[in-house]
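A.B. asks: quick one: sequence plus predicted model below, questions after.
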Amino acid sequence: MANADSLPEPVMKVAAISGSLRKSSFNRGLLRSAVEIAKEIIPHMEIEILEIGHLPFVNTDLEVDNSFPPSVEELRAKVLQADCILFASPEYNYSVTGPLKNAIDWASRPPNVWADKPAAIMSAGGGFGGGLAQYHLRQIGVFLNLHFINKPELRVRAFELPAKFDGDGNLVDDKVKEQVKELLLSLSAFTRRIQNRVVLS
């Protein structure tokens, strides 16, 4: 019989969402970097970047016979199947972006598929590195019953030298890549801890 310690780590599905829709955005670059780092360092973690730009605006008239538009149904299913959530969002007017809030609101329609999910946030932006967007997202998460890790914090001052991203929005700064790795490791450990509590209870 195999020793339990020698068994491979169960796959952890991570639903990753960028608040920016631009292909070369810094925040999408953070998520792409997270995907690559997970493949190299945390093989049990599978990160899937979910697209939200094609979602219709929230409108309950689009909810027919307890169903949602196909694009919304797909998003909700992906979030529901995920073990945890990874957000990356710039700061717009002291808050999260419109597309991200729209996706959050669709997935929170009853039944709320965010509920009880562990989550982490990273952001790239100006002087505060998207810090106010992170703070507001945490406030939103209270109602959603999302469980955010507190540390480490990952806020990238994207416009300060040395350059953190290349012209295509790819993360090139080794120090920030290390921070991404530490964030993913923390999210992984926190997710397993919550899952174990659920099993024990």
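C.D. replies: Everything's here; your move.

A.B. asks: going forward, measure contacts between C-alpha atoms and count neighbours the same way
C.D. replies: Fine.

A.B. asks: and K39, how many neighbours?
C.D. replies: 14 (other CA atoms under 10 Å).

A.B. asks: any idea how far it is from N102?
C.D. replies: Shown here: K39 relative to N102, a distance of 30 Å by CA to CA, to the nearest Å.

A.B. asks: residue contacts, the closest residue in space to V11 that isn't next to it in sequence?
C.D. replies: Leaving aside its chain neighbours, V11 sits nearest to H44 (4.7 Å; criterion: CA to CA, 6 or more residues apart in numbering). By CA atoms under 8 Å, 6 or more residues apart in numbering, the contact set of H44 is E9, P10, V11, M12.

A.B. asks: try it again at 6 Å.
C.D. replies: In this structure, H44 makes contact with E9, V11, M12, judged by CA atoms under 6 Å, 6 or more residues apart in numbering.

A.B. asks: go on, S18?
C.D. replies: Shown in contact with S18 (CA under 6 Å, 6+ apart): R28, A88, S89.

A.B. asks: thinking again about what came up before, would you mind writing the PyMOL command to select the buried ones in the contacts of H44?
C.D. replies: Buried residues within the contacts of H44, as defined by 16 or more other CA atoms under 10 Å, are selected in PyMOL through the command that follows:
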select buried, resi 12
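
A.B. asks: look up phi and psi at H44.
C.D. replies: The phi/psi pair for H44 (degrees, to the nearest 10) reads phi -80, psi -10.

A.B. asks: against E9, how distant is it?
C.D. replies: Distance of H44 to E9, given as CA to CA: 6 Å.

A.B. asks: and for N27?
C.D. replies: The span separating N27 from E9 equals 28 Å under the rule CA to CA.

A.B. asks: quick check: buried residues in the worst-scoring helix or strand of the chain on mean pLDDT?
C.D. replies: Lowest mean confidence among the helices and strands of the chain (mean pLDDT, DSSP states H and E): helix 174-200, at a mean of 91. Taking 16+ other CA under 10 Å as the basis for neighbour counts, the residues of helix 174-200 that come out buried are 176-177, 179-188, 190-192, 195.

A.B. asks: average pLDDT for stretch 104-120, rounded please.
C.D. replies: Averaging pLDDT along stretch 104-120 gives 98.

A.B. asks: now do that stretch: distance from first to last residue.
C.D. replies: For stretch 104-120, the first-to-last residue distance is 14 Å (CA to CA).
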